[in-house]
Each structure stands twice: as C-alpha cells, then as structure tokens.
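>>> Predicted model follows, preceded by the sequence.
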Amino acid sequence: MSRIVINDWLAWGNLLKTWTTGRDYCGDGRMYSRPSTLNDMRAQLAKSGAGSIPEWVVDIELVDWSEKKLLIQLPSSRTVSNAEMLLKARKPYPLPAFYRNATAELPALDDLNARLDFHAMRIGEHAVDAFG
C-alpha cells in the first residue's frame, strides 16, 4: 500500500530538488515552494504531474537530511510482511519503471541531461521507496 503514487519519476525528483534548493528544477514556469500542509503537497503533485497521495494519508512530514545526523526510518512490520509475501509468491520485485531503461552503468558522461534526469529520479525514489 503506497503512501504516494508516482506518475512521473523525473517530475517527482525535480520537485524534491526544487523544494530542497529553492531553485526551479521543474522547468514549467511555475514556482513550487516547500509544502507545509498535506493539501499543499497534493496540489503541487497534481500541478506538476508528479503523482498523488491516497486519501487515507492524513499528514506529511518533510525532514531535512543532514550529513552529520544518522536518520534511520524503520519499516512497519506490515511493510516487511507484505514484501516477504510478494517475494515468496515469486512475484517480480517492484522497482520504479525508470529502471527498465537503465543499464548496469550510468548514462554516458557526455550525456549530461540523461545523467541529471537519472539523478533526479533516484532522489525521488529514495525519498519514498525506502522499504520497497
């Protein structure tokens, strides 16, 4: 049961980079300030096309990562059990769709846009899929 539905991993990653830096990474001419409420976040996800948040989610908390602080989010026991059931049933491991286009190597060094896009999508994935 996903807490967030990502429709566009690149838009999601660029939205996170925008919230983090205050610079426009979305490139759609709109400014996305860091959301302070769940409704604000829902609106920004819809406006950017990045995704949506299910109605059963009741709150958000954005946490600034710090190099000097170890932050470990533990999965719920339900999350662990659900993942184990999926794997024991020999279902495919759920990875974001952008991995289907990835190879064992990063995009070529001379393709800066592809490398920056992959970076944004990985930031987005790490922000929401810590326990996939």
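Noted; the coordinates are in hand. What you see is a predicted model; the values in this text were computed from it and never measured.
>>> CA only for contacts and neighbour counts going forward, please
OK.
>>> Buried ones in the biggest helix by length in the chain, by neighbour count?
Residue-count comparison of every helix in the chain, with assignments taken from DSSP state H, identifies helix 112-128 as the longest. For helix 112-128, the neighbour count (16 or more other CA atoms under 10 Å) marks D117, F118, H119, A120, M121, R122, I123, G124, E125 as buried.
>>> for stretch 74-94, same thing?
A83.
>>> and what of stretch 17-30?
The neighbour-count criterion (16+ other CA under 10 Å) identifies K17, T18, W19, D24, Y25, C26 as the buried residues of stretch 17-30.
>>> With stretch 48-64 instead?
Buried residues in stretch 48-64, defined by neighbour count with 16+ other CA under 10 Å: S48, G49, A50, G51, S52, I53.
>>> I'd guessed the fourth one sits against L45; true?
Yes. At 5.2 Å, G51 counts as touching L45 under the criterion of CA atoms under 8 Å.
>>> so what sits against both of the two?
Shared contacts of G51 and L45, defined by CA atoms under 8 Å, 6 or more residues apart in numbering, comprise W12.
>>> all strands of this protein, in order?
Listed from the start of the chain, the chain has strands (DSSP state E) covering 5-6, 51-52.
>>> By mean pLDDT, which helix or strand of the protein comes out lowest?
The least trusted helix or strand in the chain, going by mean pLDDT, DSSP states H and E, turns out to be helix 112-128, with a mean of 76.
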